[in-house]
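A.B. asks: Generate coordinates for the sequence data below:
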Amino acid sequence: MFTPRLEALYHSRLWRIAVGLAIFVNSIVLGAITAMPDESPWSPRLERLDAALLAFLVFDVALCVVVKRGAVLSDGWDLFDIAVTIVSVLPNVGVLSAFRVLRVVRVLRLVSFVPRGRATVDALIEALASMAAAFLILAVVFYSFVVIATNLFRDVDPAHYGTLWRAAGHLYVVMASLGSDLESEIVFAEMPWSVLLFAAFIVIASFGLLNMFIAVLVNALKEQLDRENVMEERARFDRLEAKVDALAERLEALADEERNARAESVPR
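C.D. replies: Here you go, the predicted model:
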């Protein structure tokens, strides 16, 4: 008896706005609790407010399960919301107290309330699958430069190139910073030609492959948004088609009534 009412409440715009605001306020409260010293008189009040907001979010997840039932198992976002809520209500006892810090992931639920937020995350996940080959190419290129740099520069700068692990860590910094800190390289003083090796590494690893990752991600995001737009347009067309069919049926019924009325009015 209550299921239609609960379903109407869960899908109502006002309820979704309330849940989004609760998550947003809760994220601010969690930050305030973290920054506030334990002896502060505001700490107990913030904890009570956090508990009240958590209770509201738990009710929202329970409402989702009641309304959607088995369908939640096929929706990754619903499973994500449930998992986040379960982590948030873990008791602060023994080993489980270490997991209480994960309650901050509750803030991640804001992603599902940001316009196009879900599409962006879905596109990112899809792009990661598409970028498997690109990651493999980057790994091969990066490993090759690590081996070359270790063999060439280990005697000149053992602090950075003494081992493969040190060389890998240093070249990763160079790649991520696009070579912005190369002026501190010791090897340039004794091996001026080494600048050519670093230039090739930056062009291939940083500008080439990383920009390719961005291109794949942007393309995946565009495809995801296009799919959503197509689904929205299809749903709008289906609603319009249903209204047209209903209108046609009504007009046909009126025409039948008019024909019947005319037939009855004809004298026998």
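
A.B. asks: which residues sit in contact with M131?
C.D. replies: F213, V216, L217 (C-beta atoms under 8 Å, 6 or more residues apart in numbering). For glycine as for every other residue, the C-beta is placed from the backbone atoms N, C-alpha and C.

A.B. asks: three-state assignment of the residue lying closest to F207 once chain neighbours are set aside?
C.D. replies: Nearest non-adjacent residue to F207, counting by C-beta to C-beta, 6 or more residues apart in numbering: L178, 7.6 Å away. Counting by DSSP: H, G, I helix; E, B strand; the rest coil, the backbone at L178 sits in coil.

A.B. asks: Report how many residues lie close to L178.
C.D. replies: Taking other C-beta atoms under 10 Å as the criterion, the count of residues near L178 is 13.

A.B. asks: Over to the one 5 residues further on?
C.D. replies: By the other C-beta under 10 Å criterion, the neighbourhood of E183 contains 7 residues.

A.B. asks: Tell me the spacing between it and D157.
C.D. replies: 14 Å (C-beta to C-beta, to the nearest Å).

A.B. asks: got TSV for the contacts of M131, with neighbour count, pLDDT and secondary structure too?
C.D. replies: Below are those laid out as TSV (neighbours: other C-beta atoms under 10 Å; pLDDT from 0 to 100; DSSP: H, G, I helix; E, B strand; the rest coil):
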residue	neighbour count	pLDDT	secondary structure
F213	16	73	helix
V216	17	73	helix
L217	18	72	helix
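
A.B. asks: What is the nearest of the residues you listed to I86?
C.D. replies: L217 (30.3 Å; C-beta to C-beta).

A.B. asks: Which strands or helices does the one helix or strand A253 maps to pack on?
C.D. replies: In the assignment (DSSP states H and E), A253 maps to helix 210-265. Packing contacts for helix 210-265, counted by 3 or more C-beta pairs under 8 Å, 6 or more residues apart in numbering; DSSP states H and E, involve helix 117-130, helix 132-153.

A.B. asks: got a list of contacts for the last one?
C.D. replies: I take that to be helix 132-153. For helix 132-153, the external contacting residues (C-beta under 8 Å, 6+ apart) are 160-161, 163-164, 167-168, 171-172, 175, 187, 191, 194, 197, 201, 204-205, 209, 212-213, 216.

A.B. asks: List only those of the residues you listed flagged as buried.
C.D. replies: Among the contacts of helix 132-153, the ones that count as buried by 16 or more other C-beta atoms under 10 Å are 160-161, 167-168, 171, 175, 187, 194, 197, 201, 204-205, 209, 213, 216.

A.B. asks: Taking those residues together, which two end up most distant?
C.D. replies: Farthest pair in the buried ones among the contacts of helix 132-153 (C-beta to C-beta) is V187 and V216. Separation: 33.6 Å.
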